[in-house]
Structure formats: structure tokens, C-alpha cells
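Enquirer: sharing a model prediction with you, sequence too.
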Amino acid sequence: MPEENIPIPETIDLAAFVSREAHDLKSPFNRILGFTRMVLKGMDGPLTDLQREDLTTVYENSRQAMSFVSNLIDMARLSRGEKTPEWNEYPLDEVLTEAVKAWRADFSEERVTLKMDVPPCTLRADAALLRQAIRYVLSYAAAWVKAPAEILVQAGESSGTCLLRVQSRGEKDIAAPEMELSMWGFIAGRIIALHGGEIRSAKRGDEGASFEIALPLPHPIPSP
């Protein structure tokens, strides 16, 4: 093979690179998680308590790193317009319930209690994407405050719009994870914009964080 010049790019589209290389970015963490889970199940033989504790730490930290990478990929694809929603009509309370189930994997009831006041409301949405957006808004609100804390979720209709309010109450956590907060906020905002909505208000202070989200209601089909 004859020699050829190696192209050295002077600039690179990072969003395009991250989106394109998503599989390779995730693969090392998938392997670590898979092998660690296998060893923790005892498939390579019994473990001492100390070994199990150490491997559990490896597993949990790898899971967190995988979450960071997945969020970066989502951010890249959302910024490039590569997420294509699959539209259907869903009750808001159903989407919220599923979002809360996923959110509870990271925020236990001992850490934060959740109260919901959500009247019947139907949205035209991509259920998976909207669940992700709501989960990340809840995560932001919860991570901003120390445990024990409380989150209140309210919804209502106004002028063809569904207004969703999320508010956390508690003492500000000075160790709140700023990188994750930025990721959650960006992803939630872009997904809500994909749905024709907007985050009208997003505030945080010493006693909690609050969000007001507006989502358009489906237009009624005129009678023939």
C-alpha cells in the first residue's frame, strides 16, 4: 500500500463526533457493567464481603459514568436535530407515573417525598422522550436540595396549553452535581421544545428549585 498523508483536522464538530461514535463511547462501560454483574452474581465463584463491597462500588460508579456518556450522546443528537419523535396521544398522568418510576431509581422516598395534583389532561407526545424530560426536571429539582426534601407536581389547562409545575422544597445542597444539572436542563429543554412547548420559568434558590413547563394541547378534530 503506498503511503498517504494523514488528515489532521484543525477543527471538529464535537456534537457530530459524539453522535457518530456513540457505540464506541458506550462499549467499554457496557463490558465493565456486564462482567461486574456476572461476578457479583457469583458466576466466577463465591466472593468475600470485602470483594462484594468493592465490586459493588465499581458497578455503581460505572453505571454513573455510563449515564454521563448517554446524556452526552442525547445532548449531541438533540442539538443536531437527530431525535425524531413518534407522535401519539397520551394522558399526562400516565406519562408522569412512568417518569416517576424511572426517577425513583435514583431518588428514594426516604430522600425525597413526592406529591402530585394532576387533573385529566391529554397530550400529543412521544411518550418515551417526554418521560425522559419530566424525569430530568424531577431529578434537577431533587438534586438541588438536601434530604429530606419534598417535591410538588401540579398541572392545569389554560388557553390551549397544559401547564406543568414542579417545585422542590428543602435546604439547598451545596454539593449539587452541576454537570448533571446542566445535562438534565439541556436535555429536558430540547425535548420540550420538540413537543412545541417551552420551559417558561426555571428558578433555584436557598429553599428549592421550581419549573413551569407549557405544553400544547392537541387541537380538536372538527366535526364533519
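Expert: Right, received. Where do you want to start?

Enquirer: buried residues in the longest helix seen in the chain, which are they?
Expert: As assigned by DSSP state H, the longest helix anywhere in the chain is helix 49-79. Within helix 49-79, the residues that count as buried by 16 or more other CB atoms under 10 Å are 55, 59, 62, 66, 71-79. The C-beta positions use only the backbone N, C-alpha and C, and glycine is treated the same way.

Enquirer: next, give me the two most distant ones among those.
Expert: Leu55 and Ser79 (36.2 Å; CB to CB).

Enquirer: just the strands in the chain please.
Expert: Per DSSP state E, the chain carries strands over the ranges 88-91, 112-117, 122-125, 149-158, 161-169, 198-205, 208-216.

Enquirer: what mean pLDDT does the longest helix of the chain have?
Expert: Taken as a whole, helix 49-79 has a mean pLDDT of 95.

Enquirer: show me what that helix is packed up against.
Expert: Identification of packing neighbours for helix 49-79 by 3 or more CB pairs under 8 Å, 6 or more residues apart in numbering; DSSP states H and E yields helix 14-20, helix 22-40, helix 178-194.

Enquirer: tell me what the last one is packed against?
Expert: If contacts are counted by 3+ CB pairs under 8 Å, 6+ apart, helix 178-194 sits against helix 49-79, helix 127-143, strand 198-205.

Enquirer: so who does Leu14 touch?
Expert: Going by CB atoms under 8 Å, 6 or more residues apart in numbering, Leu14 touches Ala76.

Enquirer: where does this protein have low pLDDT?
Expert: Scanning the chain for pLDDT under 70 picks out 219-224.

Enquirer: domains of it?
Expert: The chain breaks down into these domains under automatic domain parsing: 14-79, 88-216.

Enquirer: tell me which of those domains is the most buried.
Expert: domain 88-216 (a mean of 17; mean count of other CB atoms under 10 Å).

Enquirer: need the strands of the chain in TSV with distance to Ala141, can you?
Expert: Below are the strands of the chain laid out as TSV (distance: least, CB to CB, whole Å):
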stretch	distance to Ala141
strand 88-91	22
strand 112-117	9
strand 122-125	20
strand 149-158	6
strand 161-169	4
strand 198-205	9
strand 208-216	5
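
Enquirer: returning to that earlier point: closest one to Ser210 among the helices and strands packed on helix 49-79?
Expert: For the helices and strands packed on helix 49-79, the distance to Ser210 is smallest for helix 178-194, at 13.0 Å, taking CB to CB.

Enquirer: can you list contacts of the closest one?
Expert: 68, 71-72, 74-75, 78-79, 83, 85, 126, 129-130, 132-134, 136-137, 139-140, 143-144, 198-199, 202, 213, 215.

Enquirer: can you list phi and psi of the nearest residue to Lys172 once chain neighbours are set aside for me?
Expert: Counting by CB to CB, 6 or more residues apart in numbering, Lys172 lies nearest to Asp206, which is 4.8 Å off, once chain neighbours are set aside. Here is the backbone geometry of Asp206 (degrees, to the nearest 10): phi -70, psi -20.

Enquirer: surely Asp206 is in contact with Gly170?
Expert: No. Taking CB atoms under 8 Å as the definition, Asp206 is not a contact partner of Gly170, at 9.9 Å.

Enquirer: any residues in contact with both of those two?
Expert: Counting by CB under 8 Å, 6+ apart, nothing touches both Asp206 and Gly170.

Enquirer: how much space separates the residue nearest the centre of the chain from Phe186?
Expert: When CA atoms, centre = their mean is applied to the chain, the residue found nearest the centroid is Tyr136 (3.8 Å). Distance of Tyr136 to Phe186, computed by CB to CB, to the nearest Å: 9 Å.
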